[in-house]
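In: for reference, the sequence and a predicted model appear below.
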2 protein chains.
Amino acid sequence: MARQVLAVDIGGTKLAVGLVDDIGAVRASDRTPTTPGASGEELWDTLVGLTERVLADAGSPDVVGVGVGSGGPMRWPEGEISPLNIAGWRDFPLRARFQERYPDLPVRVHNDAVAVAIAEHWRGAAQGTENMLGMVVSTGVGGGLVLGGHVVDGATGNAGHIGHTVVDADGPSCVCGGVGCLEAVARGPALAQWAYERGWRTDRPEEDRTGRDLGADALAGDDLAVAAFARAGHALGIAIASAKALCDIEVVAIGGGIAQVGDLLFSPLQERLDRHAGFDFTRRVRVVPAALGQDAGLVGAAALVHQGDRYWSAD
Amino acid sequence: MARQVLAVDIGGTKLAVGLVDDIGAVRASDRTPTTPGASGEELWDTLVGLTERVLADAGSPDVVGVGVGSGGPMRWPEGEISPLNIAGWRDFPLRARFQERYPDLPVRVHNDAVAVAIAEHWRGAAQGTENMLGMVVSTGVGGGLVLGGHVVDGATGNAGHIGHTVVDADGPSCVCGGVGCLEAVARGPALAQWAYERGWRTDRPEEDRTGRDLGADALAGDDLAVAAFARAGHALGIAIASAKALCDIEVVAIGGGIAQVGDLLFSPLQERLDRHAGFDFTRRVRVVPAALGQDAGLVGAAALVHQGDRYWSAD
């Protein structure tokens, strides 16, 4: 029987659990929304219940470890998580809790965007490369780096935060406390707000002015919506040019809701990347859509265990 | 007897050769200017003559390998070099030539700025850290990255080119062909030109308006010269904030002529870094002057052999 990892993906609004085998196939999975206002213990009980349901539905198979991708920030590798959008968890010792439940198995926790990047490297759009950047452009802009075939953790497990590279030094303030970050320009809500301030859907309530709405309007040819995605593409092109110069990556795989508009994002991105990437070696980077979609977080979390030699450097 | 490496440092205007022992001490060294207009073979003969002189003067000791840091670009790890400022060498097979001379020894060639970064990690200002960026701010702006305790090469051996990260997307054109690169703003000649255009030393010939002159005037309190270094510091702060977000480095060690003005550069750098580095983890980076000075290139070149496990990933 295939070796399976219990994989967990903790996002801003949902908890997902799956069983992922050693070739990266998701054999079973389920998800549940996070309850706003839930306490840390309530959230933990919900997560445990979800894992038990997934395991029971799959016939209670043995698993070889537990892998978790979670929204940050977190203390790493301790796996004490404080996801920005889950107020009930602040320094919550998620790794220790899972380790108590599975004392004989490896339990590994990393940032959710790092998990997505790992998944794209292991089984997605960046297979076969040794040097890649995976990105998620959505409500935020996250990322993860693989260099020399191994995930880059950095000093505190926070490497890969391309969303907080500076693309416009005199630009908008960012939720991180900085100024001019890629995320401050290119996150979905910022794009929607930018378009709204210029006349997009000014007669509609805020809940009808999401990044998703903006994408639909862009695909339908709305000029302002198209311009907003061009703005995002330019910011991404600048950030990727810088990342390429610094890390000499071969492939950038971009997923997340904002990337679903396709060429409306990727064409202005490439144009701006060409403008800023001067050296031959910087020009060689390929920017491609992510291949794995919704399951990427679970697949990457599982890879922390299945492929620990490449993707887990701690303990 | 201490194990010694024959170390070679190929800069824009000089060739340097040394014997470096396994604790990073330079036991002997000599240097010679490169002759403008010299052919590739003439330059090679000059370099061989210099190595023979250094070896003979030291009593012809056995060496355990050859390490070279050279100005780029180069094909790596082949070590076919095309230093921008040495026209006689274009795709010159330096590594193969040394390998012919020393068929039984390891011969390793890397970018000169990478060698400097390695030196600062091994024996300089970033000792004891696992995640650092070494920079040289001079006629150009170069760099090298060490992450997880190992040098980062990237797909083509060109990782570390922080000089070509984008700090001002609408800024000046760069020699690399890009726009708004850190190097285009902060290299010595660009700073001198910027100050000149605003009235600095307008009555003096060009040879009296170097980066070195600018530094001397800044230290003497000249307002325009001080402003030029503040401009460089701001650009460096932006680039370092981005590098920190992406790579989660702990220490940045900055050397080169432009860094010799001290606080006139480092204070505006830190101010700008604080402005752009929002997250706690990004604030934790320490920016310090490089410790090794002139010998750094030789020490780092030797480390490619002495400390190959950490600093040489190819073959």
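Out: Structure received.

In: flag every residue of the stretch 51-200 of chain A that's near chain B.
Out: A:73, A:129-131, A:143, A:145, A:147-148, A:150, A:152-169, A:174-181 (C-beta under 8 Å from any C-beta of the partner chain). (C-beta placed from N, C-alpha, C; glycine too.)

In: might you report the residue contacts of A:Val137?
Out: If you count contacts by C-beta atoms under 8 Å, 6 or more residues apart in numbering or on different chains, A:Val137 has them with A:Ala186, A:Arg187, A:Gly188, A:Ala232, A:Leu236, A:Ile254, A:Gly255, A:Gly256, A:Gly257, A:Ile258, A:Ala259, A:Leu265.

In: burial of the closest residue to chain B within the stretch 201-315 of chain A, as a residue count?
Out: At 2.2 Å from chain B, A:Asp248 is the closest residue in the stretch 201-315 of chain A, using C-beta to the nearest C-beta. Other residues within reach of A:Asp248, judged by other C-beta atoms under 10 Å in any protein chain shown, total 26.

In: what sits closest to it if chain neighbours are left out?
Out: B:Gly154 (2.2 Å; C-beta to C-beta, 6 or more residues apart in numbering or on different chains).

In: same question, A:Val5
Out: Take A:Val5 and drop its neighbours on the chain: the residue closest to it by C-beta to C-beta, 6+ apart is A:Ala302, 4.0 Å away.

In: same question, A:Trp194
Out: In space, A:Trp194 comes closest to A:Ala228 once its chain neighbours are excluded; the distance is 5.6 Å by C-beta to C-beta, 6+ apart.

In: I'd say that neighbour and A:Ala218 touch.
Out: Yes: counting by C-beta atoms under 8 Å, A:Ala228 touches A:Ala218, with 7.2 Å between them.

In: break chain A down into its structural domains.
Out: Chain A breaks down into these domains under automatic domain parsing: A:4-111+A:295-311, A:125-291.

In: mean neighbour count, those: which tops it?
Out: domain A:125-291 (a mean of 22; mean count of other C-beta atoms under 10 Å in any protein chain shown).

In: circling back to that earlier point, if we take the contacts of A:Val137, which one ends up nearest to B:Arg201?
Out: A:Leu236 (41.4 Å; C-beta to C-beta).

In: the closest one: which element?
Out: Taking DSSP states H and E as the definition, A:Leu236 sits inside helix A:223-247.

In: next one: phi and psi at the residue in the stretch 51-200 of chain A that chain B sits nearest to?
Out: Here the stretch 51-200 of chain A gets closest to chain B at one residue, A:Gly154, 2.3 Å apart by C-beta to the nearest C-beta. Main-chain dihedrals, A:Gly154, degrees, to the nearest 10: phi 80, psi -180.

In: what pLDDT is listed against it?
Out: Per-residue pLDDT puts A:Gly154 at 96.

In: got a list of what it touches?
Out: Here A:Gly154 is in contact with A:Gly160, B:Asn131, B:Leu147, B:Cys247, B:Asp248, B:Ile249 (C-beta under 8 Å, 6+ apart).

In: how about 10 Å then?
Out: By C-beta atoms under 10 Å, 6 or more residues apart in numbering or on different chains, the contact list for A:Gly154 reads A:76, A:145, A:160-161, B:130-131, B:147-148, B:244-250, B:281.

In: look up how far B:Thr210 lies from it.
Out: As judged by C-beta to C-beta, to the nearest Å, A:Gly154 and B:Thr210 stand 37 Å apart.

In: with A:Trp89 instead?
Out: 56 Å.

In: and for A:Ser70?
Out: 52 Å.

In: swap in A:Ser267?
Out: Distance from A:Ser267 to B:Thr210, by C-beta to C-beta: 43 Å.

In: can you check A:Thr139 too?
Out: 50 Å.

In: quick check, A:Gln127 in contact with A:Ala290.
Out: No: using C-beta atoms under 10 Å, A:Gln127 is not in contact with A:Ala290, being 11.9 Å away.

In: spell out which residues are contacts of both of the two.
Out: With C-beta under 10 Å, 6+ apart, A:Gln127 and A:Ala290 have common neighbours A:Glu120, A:Ala253.

In: could you pull out the helices in the stretch 201-315 of chain A for me?
Out: A:211-219, A:223-247, A:263-276, A:280-283, A:296-306, A:308-311 (DSSP state H, counting those that start in this stretch).

In: considering those helices, which stretch scores lowest in mean pLDDT?
Out: Looking at the helices of the stretch 201-315 of chain A, the weakest mean confidence is helix A:280-283, a mean of 69.

In: output the lowest mean pLDDT helix or strand found in chain A.
Out: helix A:280-283 (a mean of 69; mean pLDDT, DSSP states H and E).

In: look up how far B:Val17 lies from the residue nearest to A:Asp248.
Out: Distance from B:Gly154 to B:Val17, by C-beta to C-beta: 28 Å.

In: now do the contacts for the residue of the stretch 201-315 of chain A closest to chain B.
Out: A:131, A:147, A:279, A:281-282, A:284-285, B:76, B:145, B:152-161.

In: what do you get for A:Ala115?
Out: Shown in contact with A:Ala115 (C-beta under 10 Å, 6+ apart): A:7-10, A:67-70, A:109, A:134, A:136, A:142, A:144, A:151, A:296-304, A:311.

In: state the mean pLDDT of the helix or strand harbouring it.
Out: According to DSSP H and E, A:Ala115 maps onto helix A:112-123. Summarised as a single mean, pLDDT over helix A:112-123 is 98.
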